[in-house]
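> got a predicted structure plus its sequence, pasted below:
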Amino acid sequence: FHYKPYQLQWSTPHLPHDVNIQGELFTLLAFMDAHHKLHESPREMGCDLPRVVVVLMFWSDATHLTTFGHARLWPVYMYFGNELKYCQCKLSCNLSNHVAYFQKLPDSFKDFACAFTNGK
């Protein structure tokens, strides 16, 4: 689990400057900016706990509940973006957390949403 961001750079002789390598969420400029803003902000009175930025990633997909019929749910999974992406895809690391289950929305909801988003 990465508590602090870091910058990964690649230098090559044919470029005048180093190239930032962004392969993980904790190497992104937005993560570094959030980390610096948090540590520049005033601390809570009487609190000496460490302050860290936690990146939450959510993912969902439909799943069938039965072999027969149309019973479906949409499980919502949460991952911590502070973990390595290579560990997140390994089931043996147990990094996926179920946080909610949604029922399938009726087709009328799509019509309702499209009315407010210009059909997108």
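Looks like it came in fine.
> which parts of this structure are strands?
8-10, 19-21, 56-60, 63-64, 72-80, 97-103 (DSSP state E).
> weakest of those strands by average pLDDT?
When the strands of the chain are compared by mean pLDDT, strand 63-64 comes last with a mean of 76.
> so what strands line up beside it?
In the sheet, strand 63-64 lines up against strand 72-80 (antiparallel) (DSSP bridges).
> what stretches of this structure score poorly on pLDDT?
119-120 (pLDDT under 70).
> residue nearest the middle of this protein, spatially speaking?
residue 57 (2.2 Å; CA atoms, centre = their mean).
> what comes up buried for the lengthiest helix in the chain?
Secondary structure of the chain read by DSSP state H shows that its longest helix is helix 29-40. Going by neighbour count (16 or more other CB atoms under 10 Å), the buried part of helix 29-40 is 31-32, 35. For every residue, glycine as well, the C-beta is placed using N, CA and C.
> need those residues in TSV with distance to residue 53, can you?
Listed next are the buried residues of helix 29-40 as TSV, based on distance: CB to CB, whole Å:
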residue	distance to residue 53
31	6
32	9
35	5
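> ok, so of those, who is nearest residue 61?
residue 31 (25.9 Å; CB to CB).
> returning to that earlier point: tell me the bridge partners for the residue nearest to the centre of the chain.
Under the criterion used here (DSSP bridges), residue 57 is bridged to residue 79.
> can you pull the contacts of it?
Listed by CB atoms under 8 Å, 6 or more residues apart in numbering, the contact set of residue 57 reads 25, 78-81.
> mind checking the end-to-end distance for stretch 37-57?
21 Å (CA to CA, to the nearest Å).
> now do that stretch: distance to the chain's middle.
In this view, stretch 37-57 has its centroid 19 Å away from the chain centroid, taken as CA atoms, centre = their mean, to the nearest Å.
> mind listing what's buried in it?
53, 55.
> ok so, going back, including distance to residue 87, could the strands of the chain go into a markdown table?
Listed next are the strands of the chain as a markdown table, based on distance: least, CB to CB, whole Å:
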| stretch | distance to residue 87 |
| --- | --- |
| strand 8-10 | 17 |
| strand 19-21 | 19 |
| strand 56-60 | 13 |
| strand 63-64 | 23 |
| strand 72-80 | 10 |
| strand 97-103 | 14 |
